[in-house]
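In: Here you go, sequence then predicted model.
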Amino acid sequence: MVYKVVFDLSNVGYMDVAWPYVAGGCIFTLIGIWGVMYAHRVSIFGHFSRTWRRLFSFIFLSFAIAWSVFTFIFTYSQFKSIKDPYQKGNYHIVEGIVTNFIPMPYSGHSEECFTVDARRFCYSDYGTTPGFNNTQSHGGPIKPGLCVRISYIGNVIVKLEIGEDQEPYQPND
């Protein structure tokens, strides 16, 4: 069987995985900085004293910075814990037909799961993982009966290949 690569962690960078969380932290930090600099002057907060407005701004900024730092530490360590072993060749490979396929609903609230040769994989579009997580409901290629070769670390798919004689994968961009 000839396989076509549809996902390879080698082509994924940290920001591909974590940009929404990094961007969110940056936005809240900028709002906090603005609050520290200007909120005590803005009249829309008029029923609070200048001291309380300033105190709230410092608390908001402190929370935004802490959230950004902890989010970065969590997502970066998660990314490195998968990417480093993959680059060193420390992963397993399973090959076979997709069975026991349970798609994730478009609205989320559950994971998409399937089995290949007794090895079960689950993932979601809404999770933070450096591995493959493109569900069928959001344009992903996995479907029942598909012949695949999967490289994985734990439950994280680091490389997904689909049999060439299968239906071509068209990403939903």
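Out: That came through fine.

In: chain center to the helix ranked longest in the chain, what's the gap?
Out: Using DSSP state H to define each element, the chain has its longest helix at helix 50-87. Relative to its chain's centre, helix 50-87 lies at 16 Å (Cα atoms, centre = their mean, to the nearest Å).

In: what comes up buried for that helix?
Out: Residues 53-54, 56-57, 60-61, 64, 68, 71, 75, 78-79, 82-83, 86 are the ones in helix 50-87 that count as buried (16 or more other Cβ atoms under 10 Å). Using the backbone N, CA and C atoms, a C-beta is placed for each residue, glycine as well.

In: Equivalent analysis for stretch 5-14, please.
Out: Val6, Phe7, Leu9, Val12, Tyr14.

In: what about the nearest residue to the fourth one once chain neighbours are set aside, how many neighbours?
Out: Put plainly, it is Val12. Distances taken as Cβ to Cβ, 6 or more residues apart in numbering put Pro130 closest to Val12, at 6.1 Å, once the chain neighbours are dropped. Pro130 sits with 23 neighbouring residues when counted by other Cβ atoms under 10 Å.

In: Quick check: Pro130 is in a strand.
Out: No - assigned with DSSP: H, G, I helix; E, B strand; the rest coil, Pro130 falls outside any strand and is coil.

In: I'd like the distance between it and Glu164.
Out: Pro130 sits 26 Å away from Glu164, going by Cβ to Cβ, to the nearest Å.

In: One more: Arg54?
Out: The value you get for Arg54 to Glu164, if Cβ to Cβ is used, is 64 Å.

In: still on that earlier bit, separation between the residue nearest to Val12 and Ala23?
Out: Per Cβ to Cβ, Pro130 is found 17 Å from Ala23.

In: got it, and Lys88?
Out: For Lys88, the distance to Ala23 - Cβ to Cβ - is 30 Å.

In: These two: who's more crowded?
Out: Between Lys88 and Ala23, Ala23 has the larger neighbour count (other Cβ under 10 Å), namely 11 against 8.

In: The more buried one is in what secondary structure piece?
Out: For Ala23, the host element (DSSP states H and E) is helix 14-38.

In: Helix 50-87 and that helix, what's the angle between them?
Out: Here the directions of helix 14-38 and helix 50-87 differ by 170 degrees (axes from the mean of the first three to the mean of the last three Cα atoms, to 10 degrees).
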